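In: For reference, the sequence and a predicted model appear below.
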Amino acid sequence: MNQSSSTTISEQEPADGAPRPGDSYVQSFARGLAVLRSFGADAPQQTLSEVAERTELTRAGARRILHTLLHLGYVEADGRLFRLTPKVLDLGYAYLSSLPVWTQAQPLLEDLTLSLRQACSATVLDGNDIVYVVRLSAHRTMSINLGIGSRLPAYCTSMGRVLLSGLSPDALCSKLSTMPLLKLTPATVTDIDALMAEIAQVRRQGWSLVQEELEQGLVALAAPVFDRNGKIVAAINASGQTAGPPVAHLLEHTLPKLLATADKVSALVRMQK
């Protein structure tokens, strides 16, 4: 989510370091996406001034984009306030429908959820975050309300570390150096060298266990999903409470079932054209 800033992006020139308008970069389209992404749980509705501030656009630029989105049906207005409409979901559905593997994989994760009696999910890596493409909850395990399209930071989540383990050491170091590594709980690892070591261990063993780094009381196991070239393209996990079964039980009983399901999902991915 874009953070508020007092800096204004010129309508004629992008900020230093940003792509320049041209045949391969449509600046107005990029600004339209920035306006859509400025809405979220922390800003479900905004005034024109708030949109302009959060996207670092001028009021005139933000007004043109909002009125275009209003005309297209992606936002609606209530007095001075703008909010997204359900039509925005079409954009996310287009991604999921272009990858039918997740529809095919859902029954496998449903079986895993029933077998483990734990929440199970599948995610992909997008920038610094994991994005949920499947989410099944046996019972409420987190205070965060997660669903398809939800994002969490990759560095402190089990699925994030599995996905990051697919990067080369140099690419991983570069990515970690650009991430905001926040101390979300007393257990959160934020030192880059320590994270590199943790993720290297995930790469060697083929799975990840994260305890109370994202949220206190939460423990999660994750396994990789591979494509036909052996590249990690997704991760699946099972999560529960630290007050539940001890780690030794998770490794003995939960991990084998998780890995077996990950293998089945990988087989589905390899069958895709």
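Out: Cool, got the structure. Note that this is a predicted model, so its numbers are computed, not measured.
In: what's the spacing between stretch 228-245 and its chain's center?
Out: 14 Å (C-alpha atoms, centre = their mean, to the nearest Å).
In: Quick check: buried residues in that stretch?
Out: 232-240, 245 (16 or more other C-beta atoms under 10 Å). (C-beta placed from N, C-alpha, C; glycine too.)
In: export it as PDB, just CAs?
Out: Once non-C-alpha atoms are left out, stretch 228-245 reads as follows in PDB (Å, rounded to 0.1, in the frame of the first residue of the first chain):
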ATOM      1  CA  ARG A 228       8.400 -28.700 -14.900                       C
ATOM      2  CA  ASN A 229      11.800 -27.000 -14.800                       C
ATOM      3  CA  GLY A 230      12.300 -27.500 -11.100                       C
ATOM      4  CA  LYS A 231      11.600 -23.800 -10.300                       C
ATOM      5  CA  ILE A 232       9.700 -22.900  -7.100                       C
ATOM      6  CA  VAL A 233       6.500 -21.200  -8.400                       C
ATOM      7  CA  ALA A 234       4.300 -21.400  -5.300                       C
ATOM      8  CA  ALA A 235       4.200 -22.600  -1.700                       C
ATOM      9  CA  ILE A 236       1.600 -24.300   0.400                       C
ATOM     10  CA  ASN A 237       1.400 -24.300   4.200                       C
ATOM     11  CA  ALA A 238      -0.500 -25.500   7.300                       C
ATOM     12  CA  SER A 239      -0.800 -23.100  10.200                       C
ATOM     13  CA  GLY A 240      -2.000 -23.400  13.800                       C
ATOM     14  CA  GLN A 241      -1.400 -22.200  17.300                       C
ATOM     15  CA  THR A 242       1.700 -22.700  19.400                       C
ATOM     16  CA  ALA A 243      -0.800 -23.800  22.100                       C
ATOM     17  CA  GLY A 244      -1.600 -26.800  19.900                       C
ATOM     18  CA  PRO A 245       0.600 -29.800  19.100                       C
END
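In: What is the nearest of the buried residues of stretch 228-245 to Tyr155?
Out: Nearest to Tyr155 among these is Ala235, at 13.6 Å by C-beta to C-beta.
In: I figured the closest one hits Thr123, correct?
Out: Yes - using C-beta atoms under 8 Å, Ala235 is in contact with Thr123, at 5.6 Å.
In: which stretches of the stretch 1-150 of the chain form strands?
Out: 45-46, 75-78, 81-84, 119-126, 129-136 (DSSP state E, counting those that start in this stretch).
In: and of those, who's closest to Trp102?
Out: strand 129-136 (4.9 Å).
In: what helices or strands is that closest one leaning on?
Out: helix 101-116, strand 119-126, strand 151-153, helix 158-164, strand 232-241 (3 or more C-beta pairs under 8 Å, 6 or more residues apart in numbering; DSSP states H and E).
In: and Gly206, what does it touch?
Out: Contact analysis of Gly206 by C-beta atoms under 8 Å, 6 or more residues apart in numbering lists 223-224, 259.
In: now do 7 Å
Out: Pro224 (C-beta atoms under 7 Å, 6 or more residues apart in numbering).
In: What pLDDT is listed against it?
Out: pLDDT recorded at Gly206 is 97.
In: Can you give me the separation between it and Ser177?
Out: 25 Å (C-beta to C-beta, to the nearest Å).
In: rewinding a little: identify the contacts common to Ala235 and Thr123.
Out: Applying C-beta under 7 Å, 6+ apart, one finds that Ala235 and Thr123 are jointly contacted by Met159.
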